[in-house]
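Could you work out the structure for the sequence below:
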Amino acid sequence: MSDEEISDLSVDGVSLKNKDVSIVLKKHKGNVRNMIGNLYSLPIISELIADVLIKNCQNEIELFDVKIDMKNNFKFYFLNIIDCINLEKSVYTLFTPNALVFKTIDKLAFNTEKIDKDIFRIKGVRTKIIISEKIKQEIQALKFEEIRLTPIDEFVWKK
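This is a model prediction of the structure:
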């Protein structure tokens, strides 16, 4: 299964537990720390972050081993995608009026009754990850410099 197929299935919310998933990342430059971005917005995290997620929301994620040509051991994870943006209270522009694909979001508001997870992605904004206050506190306690947490009231999206 290609990285693109894995990405497409994960964005569609399809479980990959029973699929043959093999992920290899060749990282030849720079330092690998606790989170790695990639072309398909498939988050790759360190064991430390994986431990926090397993402790707090193990039924909301799927973890897969990733082979990286470097010393650190990482996990690959998929998150639930929740259609939870309150379109009436949010301020945004769309690429086309017929599809919910955001070009910008200047103010983000949620339909909180649709959120029943501690970690998820937002439908239409798949590269951003939303976490609960509980997970935020545990990740902040790890003191990682490369992870930037943005409060929802400060969230801005420009594609």
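
Setting aside sequence neighbours, what's the nearest residue to E60?
K117 (4.8 Å; C-beta to C-beta, 6 or more residues apart in numbering). All C-beta spots, glycine's among them, are computed from the backbone N, C-alpha and C.

Now do the longest helix seen in the chain, average pLDDT.
Longest helix in the chain by number of residues (criterion: DSSP state H): helix 47-57. The pLDDT scores in helix 47-57 average 81.

Now do the buried residues in it.
Neighbour-count burial for helix 47-57 flags 49-50, 52-53, 56-57 (criterion: 16 or more other C-beta atoms under 10 Å).

For that helix, list the C-alpha coordinates in CSV.
Output of helix 47-57 as CSV, limited to C-alpha atoms (Å, rounded to 0.1, in the frame of the first residue of the first chain):
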residue,chain,number,x,y,z
GLU,A,47,7.5,6.7,21.7
LEU,A,48,7.2,9.4,24.4
ILE,A,49,4.2,11.1,22.6
ALA,A,50,2.7,7.7,21.7
ASP,A,51,2.8,6.7,25.4
VAL,A,52,0.8,9.9,26.3
LEU,A,53,-1.8,9.1,23.6
ILE,A,54,-2.1,5.4,24.5
LYS,A,55,-2.6,6.4,28.2
ASN,A,56,-5.3,8.9,27.4
CYS,A,57,-7.1,7.9,24.2
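
neighbouring contacts of the helix or strand where D106 lies?
D106 is part of strand 102-107 when elements are defined by DSSP states H and E. Strand 102-107 is touched from outside by 89-95, 124-125, 155-159, with contacts defined as C-beta atoms under 8 Å, 6 or more residues apart in numbering.

So which elements touch whatever helix or strand comes next after it?
Per DSSP H and E, the first helix or strand lying C-terminal to strand 102-107 is strand 119-122. Here strand 119-122 touches helix 47-57, strand 74-79, strand 81-82, strand 125-131, going by 3 or more C-beta pairs under 8 Å, 6 or more residues apart in numbering; DSSP states H and E.

so which helix or strand takes in F64?
Using DSSP H and E, the element containing F64 is strand 61-68.

what does the average pLDDT come to for that strand?
The model assigns strand 61-68 a mean pLDDT of 69.

just for this protein, where's the confidence low?
The model of the chain has pLDDT under 70 over residues 1-3, 7, 10-13, 16, 20-43, 66-79, 126.

can we see that at 50?
Residue ranges of the chain with pLDDT under 50: 28-30.
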